[in-house]
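Peer 1: coords please:
(one chain, ligands or ions: 2)
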Amino acid sequence: MKRTLLTLFTLLLLAPAKADEGMWLPSLIAHRIGDMRAKGFRLTADDIYSINKASMKDAVVLFGGGCTGELISAEGLLLTNHHCGYDAIQSHSSVEHDYLTHGFWARAREEELPNKGLNVKFLVRMEEVTDRMAAGETAEEIVRQAEAEGRGYKARVEQMYYGNQQFLFVYQQFDDVRLVAAPPSSIGKFGGDTDNWIWPRHTGDFSVFRVYAGPDNQPAAYSPDNIPYRPRRHFAVSTKGVEEGDFTMIYGFPGNTQQYILSDVVKYIAETSDPMKIAIRTRRLGIIAEAQASDPALRICYAAKHATIANAWKKWQGEVLGIDRLGTYAKKLETERRFAEATGDGEVLQELKKEFARALPYYYTRELLAETLLTLAYGYTAEEKADPIFAEREAAERALYRQAFEEYAARNTLLPTIAEVAAGIEQAGSPAAYADRIFELAVADPKAEELTALKKGIAALHTRIVDELGTKSLRNFNSARMNELYARYVEGLRRWAAAEKREGAMFPDANLTLRVAYGKVAGYEYADGEYHKPLTTLDGIIAKDNPEIYDYDIPQSLRDLHATKDYGRWGVEIDGRRTVPVCFLATNHTTGGNSGSPILNARGELVGINFDRTWRSTMSDIEFDPTICRNIAVDIRYVLMVIDRIGGAGYLLDEMTLR
Ligand code: ARG
Ligand code: GLU
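Peer 2: Numbering: from 1, shown residues only. Ligands and ions are numbered 1, 2, ... in the order given. I've put the predicted structure just below:
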């Protein structure tokens, strides 16, 4: 009895058997397919990933540097998020053609707009190369060989489980990707930063592109002679929609998770790192918001900056809350205790803890620099200064300089202060006075010796920290030495799992490689009596609509549509009223990078496009809680309706496979 209880406890602690947790490698999905089918999936492992026949993976792309996209026609039509296509949409926008504000709808192929620097990557195949590397082949050799196999091939060897496994990913990259359609921002970015990470949500976060290829259907640099790419596979689009409880699967490129970090690191994140970053950003956002409120021109000028700063700021708040709510630190401690007991390798944990304690001051200071002194440009271009808005910007910019130096001075408690900064503050009398001096130099004389020396000082500290940590990446709260130790620890965790017949229950941390996650459409009860329904509708948009509030000012065409209820085939009956579905929640385990990912039903048909999580889910990068962690998707029926009725681009629907 006691044994059973203990085993059960271990299972609960470590058990990724938790419903719907996991981001699985598509080539190994056979291990999960039984569970997927038990939950309602109707297709096979081969339908998801195959190198012998066309499979779903051939319809998914890494879009640009950090989003996902999916192919939805035999002629290269692609969907992703509005916020993923934002740069492209913005780059084609001008005062005369303001596609961000009014939307863009190419009326013919000739009107589709090419985008310099934008590419998409299809996964050709992935394979484990751990043995080849153990036998002496280098990653460079393996990559070179793979890239010689086909036109536009780009290969990478990626580490799984901190390097216990090496996987080769071979992609085919297409560089001619054209903008086909984008809704007005008042739909595509509806709710803006106010609603970001929030449920209930009403954002039509989609944009439409097309992949072009040479006449031989192979990758080619942009040319007017290129033709729409014919993909091996595209997703059929379901017009039937989803209901609570329906199976969903997400196929995309999650960027980064930290499932296996040490308890000490969890504590550092929740008690030091996130709170520091949140506090610094709260002040920064305050300065920027005040400037934005003072002048419409400043609102636009700082819009992108505000959105970027606010995005992670809000995410970290959810992370701290979630770690606290779940008791992740205590659970990790207990896992570590039981790991040591079960495997006899308590030493690896001791070593890890020792190394983390050594690395912490460097890690912390690196994060502090990134949030303070490294956010300043130490100069302004002639163009910026010539802009009439610059006089008004100055006050805000000066305040940002002051804030950066004040925060750095106040919070830099673990390493000696940069000599130039210490001397500068001493001489000026205070961090704010020194910041003023630096700001004035940045405006008047960016080449001034004092500025150059300061920048050198910051760079020198940065270099020293990178040397001490042995890694350039700020991503995983580790050092080169910790990475080695984690490899041993995680290998131990895997053997422990296998010994207890839980093999196949662990998944490698997300690292921007293609993954499958699955779950279902579901609401959640966050607290007693606080239930969130999983579906939102057009009525919710109308309820939020307010021409006075920038984030909630919808296009007149949407108001008119709602007034006439002339939704045509896109209208549905919900609770006895005629409306249009807009967004839905699901239990799929996702993270940044999953933006734009296809949400598929049990038959592999497209039912939504992923674009967010709820902010109270974001601890799922560290610990997933199936009861409240939810991803947010825009319902494909809303996407189709906007294309059809708002964009008047129904012809795009003709090339889709609607089911
Ligand atoms: N939170 C989403 C993500 O992490 C959406 C961000 C873009 N949208 C916004 N309102 N800032 O990327
Ligand atoms: N919006 C995020 C992205 O761009 C997805 C949200 C998240 O799950 O972190 O990938």
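Peer 1: apart from its chain neighbours, what residue comes closest to the most centrally placed residue in the chain?
Peer 2: For the chain, G592 is the residue whose C-alpha lies nearest the centre (C-alpha atoms, centre = their mean; 1.6 Å). Spatial nearest neighbour of G592, chain neighbours left out: G255 (4.7 Å); criterion: C-beta to C-beta, 6 or more residues apart in numbering. Every C-beta, even on glycine, is put in place using the N, C-alpha and C of the backbone.
Peer 1: can you check R42 too?
Peer 2: Nearest residue to R42, sequence neighbours excluded (C-beta to C-beta, 6+ apart): A602, at 4.7 Å.
Peer 1: could you look up the SS state of V242?
Peer 2: The three-state label given to V242 by DSSP: H, G, I helix; E, B strand; the rest coil is coil.
Peer 1: give me every residue that touches it.
Peer 2: Residues near V242 by C-beta atoms under 8 Å, 6 or more residues apart in numbering: T248, V521, L535, F584, N601, V607, G608, D635.
Peer 1: and for the fifth one, the neighbour number?
Peer 2: Yep, that's N601 we're talking about. N601 has 24 neighbouring residues, counting by other C-beta atoms under 10 Å.
Peer 1: contacts only, for it.
Peer 2: S238, V242, D246, F247, T248, M249, V607.
Peer 1: what's the separation between it and ligand 2?
Peer 2: Distance, N601 to ligand 2, using C-beta to the nearest ligand atom, to the nearest Å: 20 Å.
Peer 1: where does the stretch 101-250 of the chain get nearest to ligand 1, which residue?
Peer 2: Checking the stretch 101-250 of the chain residue by residue against ligand 1 with C-beta to the nearest ligand atom singles out N196 as nearest, at 3.8 Å.
Peer 1: isn't that residue up against K314?
Peer 2: Yes - if you go by C-beta atoms under 8 Å, N196 and K314 touch, sitting 6.3 Å apart.
Peer 1: so which residues of the stretch 251-400 of the chain form strands?
Peer 2: For the stretch 251-400 of the chain, applying DSSP state E, counting those that start in this stretch gives no strands.
Peer 1: mind checking if stretch 188-197 is in reach of ligand 2?
Peer 2: No - counting by C-beta under 6 Å from any ligand atom, ligand 2 is not contacted by stretch 188-197; separation bottoms out at 7.7 Å.
Peer 1: scratch that, stretch 310-326
Peer 2: No - against ligand 2, stretch 310-326 shows no contacts by C-beta under 6 Å from any ligand atom, the least distance being 6.5 Å.
Peer 1: go through that stretch and flag the buried ones.
Peer 2: Neighbour-count burial for stretch 310-326 flags 310-323, 326 (criterion: 16 or more other C-beta atoms under 10 Å).
Peer 1: again with stretch 56-71
Peer 2: Result for stretch 56-71 [16+ other C-beta under 10 Å]: buried residues 56-64, 67-71.
Peer 1: which of those lies closest to P388?
Peer 2: Ranked by distance to P388 (C-beta to C-beta), the buried residues of stretch 56-71 are led by G64 at 33.2 Å.
Peer 1: distance of A399 from T372?
Peer 2: Distance, A399 to T372, by C-beta to C-beta, to the nearest Å: 14 Å.
Peer 1: again, but for H234
Peer 2: Using C-beta to C-beta, one obtains 47 Å as the distance from H234 to T372.
Peer 1: and for E149?
Peer 2: The spacing between E149 and T372, counted by C-beta to C-beta, is 46 Å.
Peer 1: who's more crowded, the two?
Peer 2: Neighbour count, other C-beta under 10 Å: between E149 and T372, T372 has more, with 22 against 12.
Peer 1: now do the contacts for that one.
Peer 2: Residues near T372 by C-beta under 8 Å, 6+ apart: I280, Q403, A404, F405, E407, Y408, R411.
Peer 1: stretch 579-599 spans what distance, first to last residue?
Peer 2: Separation of the first and last residues of stretch 579-599 by C-alpha to C-alpha, to the nearest Å is 22 Å.
Peer 1: wait, I meant stretch 508-525
Peer 2: Rule used - C-alpha to C-alpha; the end-to-end distance of stretch 508-525 is 29 Å.
Peer 1: from the chain's centroid, how far away is that stretch?
Peer 2: Its chain's C-alpha centre and that of stretch 508-525 lie 12 Å apart, by C-alpha atoms, centre = their mean, to the nearest Å.
Peer 1: mind checking how far stretch 23-31 is from the chain centre?
Peer 2: 21 Å.
Peer 1: between the contacts of V242, which sits nearest ligand 2?
Peer 2: Nearest to ligand 2 out of the contacts of V242 is G608 (C-beta to the nearest ligand atom; 13.4 Å).
Peer 1: my read: Y378 touches K456, true?
Peer 2: No - at 11.2 Å, Y378 does not count as touching K456 under the criterion of C-beta under 8 Å.
Peer 1: more neighbours, the two?
Peer 2: Taking neighbours as other C-beta under 10 Å, Y378 and K456 compare with Y378 leading, 17 against 12.
Peer 1: nearest residue to P215 in space, please, no chain neighbours.
Peer 2: Take P215 and drop its neighbours on the chain: the residue closest to it by C-beta to C-beta, 6+ apart is I227, 6.1 Å away.
Peer 1: show the backbone phi and psi for the one you found.
Peer 2: When read as degrees, to the nearest 10, the backbone of I227 gives phi -120, psi 160.
Peer 1: ok, which pair from the buried residues of stretch 56-71 is furthest apart?
Peer 2: M56 and G64 (20.8 Å).
Peer 1: and the pLDDT at the nearest residue to E397 once chain neighbours are set aside?
Peer 2: Excluding its sequence neighbours, the residue lying closest to E397 (C-beta to C-beta, 6+ apart) is F439, at 6.7 Å. F439 carries a pLDDT score of 98 in this model.
Peer 1: next one: the helix or strand harbouring R494 to chain centre, how far?
Peer 2: In the assignment (DSSP states H and E), R494 maps to helix 480-499. Put simply, helix 480-499 sits 26 Å off its chain's centre (C-alpha atoms, centre = their mean).
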